[in-house]
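*Asks:* Sequence below, structure please.
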Amino acid sequence: MTDAPGYRHVVVDDLPDAPNPTRHKKEVDEAVGASEFGFNVITAAPGERLPWGYHRHPDHEELFYVLAGTVAFETSEGTFEVGAGEAFFVPRDAPNRGVAVGEAAARVVAVGAPKASDDAAIEEECAVCGAVTGREFAVVDHEGERAYQLSCADCGAELDLLTAGPSGS
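*Replies:* Next comes the predicted model:
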């Protein structure tokens, strides 16, 4: 990173991966110290979901710009397939989940604002108890690296362990 008075410059591909269910998630906003908006670059192999699950942000808007590949965004109004060069806007409190589809990996820029209001409510069926519930998460150590353990908010079953770059490079 190169610093000038208030300016930040990073090489996105050189940033570390954040724990997530995709091949790569680069938290550019964190790397440059952005405080008003979230900005992530995500690479998802076919079948990988982005972000953690079917969710909504009560006070936060999202915008996804697909650089390569295709993402199917599941919403309460249906599924929208978004290809390279296309953008998909998600208003506040609107449930959604993206899944990379097709033959090739998807590369996506995800932007959200306001950053301070990016709390998400995940609402999916628990594979253990069957209830449609939220997810609780804890930061854990996994093989010496930071990971997120997602658990069912109803029965407490551990459901997903999100690591940095789980699908490899």
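
*Asks:* Sort out which residues of stretch 109-129 are buried, please.
*Replies:* 109-113, 115, 118, 120, 122, 124, 126 (16 or more other Cβ atoms under 10 Å). Every C-beta, even on glycine, is put in place using the N, C-alpha and C of the backbone.

*Asks:* Adding distance to residue 137 and secondary structure, write these out as CSV.
*Replies:* Output for these, formatted as CSV (distance: Cβ to Cβ, whole Å; DSSP: H, G, I helix; E, B strand; the rest coil):
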residue, distance to residue 137, secondary structure
109, 24, strand
110, 18, strand
111, 22, strand
112, 18, strand
113, 22, strand
115, 18, helix
118, 14, coil
120, 10, coil
122, 9, strand
124, 13, strand
126, 14, coil
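
*Asks:* Lowest-confidence one in those residues?
*Replies:* The lowest pLDDT within the buried residues of stretch 109-129 belongs to residue 118, with 75.

*Asks:* For the one residue sitting closest to the centre of the chain, what is the enclosing helix or strand?
*Replies:* For the chain, the residue sitting closest to the mean C-alpha position, by Cα atoms, centre = their mean, is residue 51 at 2.7 Å. Under the criterion of DSSP states H and E, residue 51 resides in strand 49-56.

*Asks:* contacting residues for residue 135?
*Replies:* 52-53, 122, 124, 150-153, 159-160 (Cβ atoms under 8 Å, 6 or more residues apart in numbering).

*Asks:* Once you drop chain neighbours, what's closest to the residue nearest to the centre of the chain?
*Replies:* Excluding the flanking residues, the one nearest residue 51 by Cβ to Cβ, 6 or more residues apart in numbering is residue 20, at 6.5 Å.

*Asks:* And for residue 79?
*Replies:* Nearest to residue 79 is residue 72, by Cβ to Cβ, 6+ apart, at 5.3 Å.
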